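**Q** no FASTA, just this:
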């Protein structure tokens, strides 16, 4: 109803839709009338709309791959001046999951940045910065952080980056920054090496350890935790639950899904989950989710404890520079550790009678 732009009461909309369906069935093949429709929620369409004779061909338009993204970028940059150093394939590689509209917005943001900087052409710097603007929002350099808050953010992001660099199945780290952007106080940007449609259990485990790396670094460094990891914990919990209830990645429960999600037809919103399992299974699901998250936390803690000197080095670099790109992060990992500060000799306790 909403997609057809139908007004009136529910009964009137239902009657109008039925009339449309009747007319669609009654089309003569010689009338040269073609009916086309589009939706981004094919899973909630009325089955009556999809009966043979109504829509004979279905075309699926998925997210563009790297070849498609490169072609889309070429279209949107055709009328805009580009610097000779611009490589659209590199930009396409860094925009996994972007739609055509996202890419158009990216190019427009890059053009605005170039104009503000009085540049005659759009450069790679503007395009790469606009990726972050589209993904995370504009920078908030005007937001003032206290030295303590800045240090906590630096160790938090350094924890994410260090864990991701040390785990074999985590996505490569592209950028780490403690400059606030959007609602985030800082962020660690990871980019997959290639487009992929499937995720393995090993990749999910390393993703969870990376997500919990920030909170674990705070815990290890300050012996305290903050609210800065709330989104990381929320995301990690959703991933762990999906591993158990949707992807069949639990050894205790095996290859089975749990919970029949009920959606509000025509609105595309999940309103409830039909519980198709007993209380005993519900307890096992909770135990498996907790075990997955705890194992991820333990993995992050082990890596950060073993490489605490490198964690400190990355965090101190972030406090100074605020942003560390992939090349600089690689150099930090290969650089020797700074010498440890000399220990202050202990003052002997006074002798009492």
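**A** Now that the structure is in, tell me what you want to look at. Given the structure is predicted, the values throughout are model-derived calculations rather than measurements.
**Q** any regions of this structure where pLDDT drops low?
**A** 1-10, 13, 17-31, 139-143, 182-183, 260-274, 338-353 (pLDDT under 70).
**Q** longest helix of it?
**A** helix 279-306 (DSSP state H).
**Q** and that helix, what does it pack onto?
**A** On a contact count with 3 or more C-beta pairs under 8 Å, 6 or more residues apart in numbering; DSSP states H and E, helix 279-306 meets helix 147-166, helix 201-211, helix 213-222, helix 230-245. C-betas here are computed from N, CA, C, even on glycine.
**Q** mind listing what's buried along that helix?
**A** Residues of helix 279-306 classed as buried: 284-285, 288-289, 292-293, 296-297, 299-301, 303-304 (neighbour count, 16 or more other C-beta atoms under 10 Å).
**Q** for stretch 61-75, same thing?
**A** Buried residues in stretch 61-75 (16+ other C-beta under 10 Å): 64, 69, 70, 72, 73.
**Q** wait, doesn't residue 297 sit right on residue 216?
**A** Yes: the pair residue 297 / residue 216 is scored as a contact, 6.2 Å apart, by C-beta atoms under 8 Å.
**Q** TSV for the buried residues of helix 279-306, including distance to residue 91?
**A** Converted to TSV, the buried residues of helix 279-306 look like this (distance: C-beta to C-beta, whole Å):
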residue	distance to residue 91
284	46
285	42
288	40
289	37
292	35
293	35
296	32
297	35
299	33
300	31
301	36
303	32
304	33
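**Q** which one of those is nearest residue 133?
**A** residue 300 (29.4 Å; C-beta to C-beta).
**Q** tell me the contacts of the nearest residue in space to residue 329 that is not next to it in sequence?
**A** Leaving aside its chain neighbours, residue 329 sits nearest to residue 173 (5.9 Å; criterion: C-beta to C-beta, 6 or more residues apart in numbering). Applying C-beta atoms under 8 Å, 6 or more residues apart in numbering, we find residue 173 in contact with 161, 164, 165, 188, 189, 190, 326, 329.
**Q** can you count the residues close to the third one?
**A** Okay, so that is residue 165. Using other C-beta atoms under 10 Å, residue 165 has 19 other residues around it.
**Q** make 26 the starting number, not 1.
**A** All right, first residue 26 from here; so that's residue 190.
**Q** measure it to residue 234 for me?
**A** Separation of residue 190 from residue 234 (C-beta to C-beta, to the nearest Å) stands at 12 Å.
**Q** can you check the fifth one too?
**A** Counting by C-beta to C-beta, the gap from residue 214 to residue 234 is 17 Å.
**Q** over to the last one?
**A** Using C-beta to C-beta, one obtains 18 Å as the distance from residue 354 to residue 234.
**Q** can you give me the offset of stretch 271-278 from its chain's centre?
**A** 23 Å (C-alpha atoms, centre = their mean, to the nearest Å).
**Q** mind checking the end-to-end distance for that stretch?
**A** Separation of the first and last residues of stretch 271-278 by C-alpha to C-alpha, to the nearest Å is 11 Å.
**Q** for that stretch, buried residues please.
**A** 274, 275, 278.
**Q** got a markdown table for the buried residues of stretch 86-100, with secondary structure and distance to residue 71 too?
**A** A markdown table is the format used below for these (DSSP: H, G, I helix; E, B strand; the rest coil; distance: C-beta to C-beta, whole Å):
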| residue | secondary structure | distance to residue 71 |
| --- | --- | --- |
| 89 | coil | 29 |
| 94 | helix | 34 |
| 95 | helix | 38 |
| 97 | helix | 32 |
| 98 | helix | 37 |
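**Q** ok, these vs residue 302, which is closest?
**A** Nearest to residue 302 among the buried residues of stretch 86-100: residue 89, at 38.4 Å, using C-beta to C-beta.
**Q** name the nearest residue to that closest one, sequence neighbours excluded.
**A** The nearest residue in space to residue 89 (C-beta to C-beta, 6+ apart) is residue 97, at 6.1 Å.
**Q** which SSE is residue 57 in?
**A** Assigned by DSSP states H and E, residue 57 belongs to no helix or strand.
**Q** quick one on the thing from earlier: quick one: closest of the helices and strands packed on helix 304-331 to residue 58.
**A** helix 255-270 (44.0 Å).
**Q** next, residue 302: phi, psi?
**A** With angles defined as degrees, to the nearest 10, residue 302 sits at phi -150, psi 160.
**Q** related to what we said a few turns ago, any chance of the helices and strands packed on helix 304-331 in CSV, plus distance to residue 302?
**A** Listed next are those as CSV, based on distance: least, C-beta to C-beta, whole Å:
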stretch, distance to residue 302
helix 172-191, 33
helix 226-236, 21
helix 238-247, 31
helix 255-270, 9
